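1. Whatever this is, show me its structure:
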Amino acid sequence: MRRIRIGLIGAGMFGGDVHLRTYADLQRSGIAPWLGRIGMDELARELADVQFELVGVATRTEASAKRAQARYKELTGVEITPFHGETPWVDMLDRFPDLDILAVATPDHLHTPPMLEALKRGVHVVVEKPMCLDINEADEIIKLAKEKNLIVGVDMHKRYDPDHMKIFKELLQEMGEPIYGRAVLEEPLEVSTKTFKWVTQSDPFTYVGVHWTDLFIYYLKVKPVSLFAFGQKKKLIKEYNIDAYDAVEVNVIFDNGMNVYFVNNWITPPDFEGPVNQESEILCTRGKVESDTQYRGLRYYIEGGGMRTSNTHFTRDVERPDGSKAYVGYGKDSLIACIQAVAQVKFLGKSPEEVKHTYPNAEEGRISVAIIHAARIVRDKNFEYFKRGMGTPVTASFGDFGIIINDPYEGNKVIYDKPI
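-> Okay, the predicted model is just below:
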């Protein structure tokens, strides 16, 4: 029997929903039904007999691990092993030495340790975005994966949004050279005040802005050359005593001359009509495209609940004849893309290099990590200078020389000395 065994680290908003349900669908029906959505249907017959098994879920607390265990049993009837603690991935890898994939859905700043542990033991990795927060860590991950001939897939699901595919694969091809862009993704206040306990370790650009950076990097094949960043701390600190950024704005000039303004916050009030607010615009020499990916044509109200919109492209339930529900959408497609790459390596004799164009890979993710790494430093420096009445003069430069933080007060500093 051909089989892929998966272990899941993290069962929060994404791990406990999109990841868990994706692996439940794989365990029930295999990967063949989902390949057509990502343009890989030619592999459906070759991989149709591959069995998938989620063997365990690991979280920080015992209660959350058991909740995920119970949910998976509800979805599949299968009992998986719960793990909990400060480093539960170690226990999982010890318990299941034949694991094929470690799926990492931990908080942003805790991705690297479980990834490196898995790679050292010869286990492929699928990780939530961003891959990590430090470009040196990204290099270490990539180097180890190459040495071990392993896949590191990054969940960059906005690549698979049908609206974005239309924009980048079709419309921009007819619009000439890109001039500027604006990308907005605003998360609900609940995320920063209730859902996540780690918001002081991240920020809204790091958390969701990375989706937009990936779109430009992947589809336009660009790299950053300079960056400006600033953030605000007002609502969370004053009203919730949470020392985290309400919003972060990042301006990136890419090597094709395009200027993109990334705008992110996680203080959108609960009475806003959509689960998130997201939109983009791109101006080119022969045209312009605007995309409102918050309102996609479905708007409704129910008495007492206000006006609402739904994004059924991201995920939606499709009822089966037996009453159970399959999970469909671009939020799942990215994970399927990463997992099919592992299946090709394990069962079809392909090398990681041969399949790296079929999924969001670590080398692509590294460029977004470089932007995040620099943006966090520039943001903090400008925030402090602004408080002291000294303006916001700090920027970052990228190139073959690495990354330089340009600070007119303290002097320029090389924070990374390898080519981007």
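2. use CA for all of it now, contacts and neighbours both
-> Fine.
3. Quick one: low-confidence residue ranges for the protein.
-> Filtered on pLDDT under 70, the chain yields no residues whatsoever.
4. remind me, longest helix of it?
-> In the chain, with assignment by DSSP state H, the single longest helix is helix 362-387.
5. and it, what does it pack onto?
-> helix 135-148, strand 152-155, helix 210-220, strand 224-232, strand 395-399, strand 402-406 (3 or more C-alpha pairs under 8 Å, 6 or more residues apart in numbering; DSSP states H and E).
6. one more time with 10 Å
-> If you count contacts as 3 or more C-alpha pairs under 10 Å, 6 or more residues apart in numbering; DSSP states H and E, helix 362-387 packs onto helix 135-148, strand 152-155, helix 210-220, strand 224-232, strand 247-254, strand 395-399, strand 402-406, strand 413-416.
7. Give me whichever of those is most buried.
-> Of all the helices and strands packed on helix 362-387, strand 152-155 carries the top mean neighbour count, a mean of 28, counting by mean count of other C-alpha atoms under 10 Å.
8. chain center to that strand: distance?
-> 8 Å (C-alpha atoms, centre = their mean, to the nearest Å).
9. what's the angle between the helix or strand just after that strand and helix 210-220?
-> Going down the chain from strand 152-155, the next helix or strand is helix 162-169, by DSSP states H and E. On the basis of axes from the mean of the first three to the mean of the last three C-alpha atoms, to 10 degrees, helix 162-169 is oriented at 40 degrees to helix 210-220.
10. ok now helix 162-169, how far from the chain's centre?
-> Relative to its chain's centre, helix 162-169 lies at 18 Å (C-alpha atoms, centre = their mean).
11. tell me what the helix or strand just after that helix is packed against?
-> Using DSSP H and E, the helix or strand that follows helix 162-169 in sequence is strand 178-188. Contacts defined by 3+ C-alpha pairs under 10 Å, 6+ apart place strand 178-188 against helix 204, helix 210-220, strand 247-254, strand 259-268, strand 277-284, strand 287-292.
12. between these, which gets nearest to residue 192?
-> Residue 192 sits nearest to strand 259-268 of all the helices and strands packed on strand 178-188, at 6.1 Å, using C-alpha to C-alpha.
13. What are the buried residues along the closest one?
-> 259-268 (16 or more other C-alpha atoms under 10 Å).
14. Is it correct that residue 398 is in contact with residue 374?
-> Yes - using C-alpha atoms under 10 Å, residue 398 makes contact with residue 374 at a distance of 9.2 Å.
15. shared neighbours, those two?
-> Here residue 398 and residue 374 share the contacting residues 226-227, 404-405, 416, scored by C-alpha atoms under 10 Å, 6 or more residues apart in numbering.
16. quick revisit: which one of the helices and strands packed on helix 362-387 lies nearest to residue 61?
-> strand 152-155 (24.1 Å).
17. need the contact list for the most centrally placed residue in the chain.
-> Nearest to the geometric centre of the chain sits residue 129, at 2.5 Å (C-alpha atoms, centre = their mean). Contacts for residue 129 (C-alpha under 10 Å, 6+ apart) come out as 104-105, 107-108, 111, 153-157, 206-211, 214, 365, 368-369.
18. and the chain, what are its domains?
-> Here the domain parsing of the chain from automatic domain parsing is 3-156+316-350, 162-309.
19. about what we covered before: state the phi and psi torsions of the residue nearest to the centre of the chain.
-> The phi/psi pair for residue 129 (degrees, to the nearest 10) reads phi -70, psi 150.
20. Distance-wise, check it relative to residue 369.
-> 9 Å (C-alpha to C-alpha, to the nearest Å).
21. So in terms of bridging, what pairs with residue 58?
-> Here residue 58 sits in beta bridges with residue 9, residue 83, going by DSSP bridges.
22. What are the contacting residues of the helix or strand that residue 92 is a member of?
-> In this assignment (DSSP H and E), residue 92 forms part of helix 88-95. For helix 88-95, contacts defined as C-alpha under 10 Å, 6+ apart pick out 7-10, 55-61, 81-85, 96, 99, 102, 104, 113-115, 117-118, 121, 123.
23. Show the buried residues in the residues you listed.
-> By 16+ other C-alpha under 10 Å, the contacts of helix 88-95 give 7-10, 55-60, 81-84, 99, 102, 104, 113-115, 118, 123 as buried.
24. Please confirm that residue 74 is located within a strand.
-> No - using DSSP: H, G, I helix; E, B strand; the rest coil, the assignment for residue 74 is helix, not a strand.
25. Next, the contact list for it, please.
-> Here residue 74 is in contact with 24, 68 (C-alpha under 10 Å, 6+ apart).
26. Can you tell me how far it is from residue 66?
-> Taken as C-alpha to C-alpha, the span from residue 74 to residue 66 is 12 Å.
27. now do residue 27
-> 19 Å.
28. Same question for residue 182.
-> For residue 182 relative to residue 66 (C-alpha to C-alpha), the value is 42 Å.
29. now for the helices and strands packed on strand 178-188, which one comes closest to residue 304?
-> strand 259-268 (19.4 Å).
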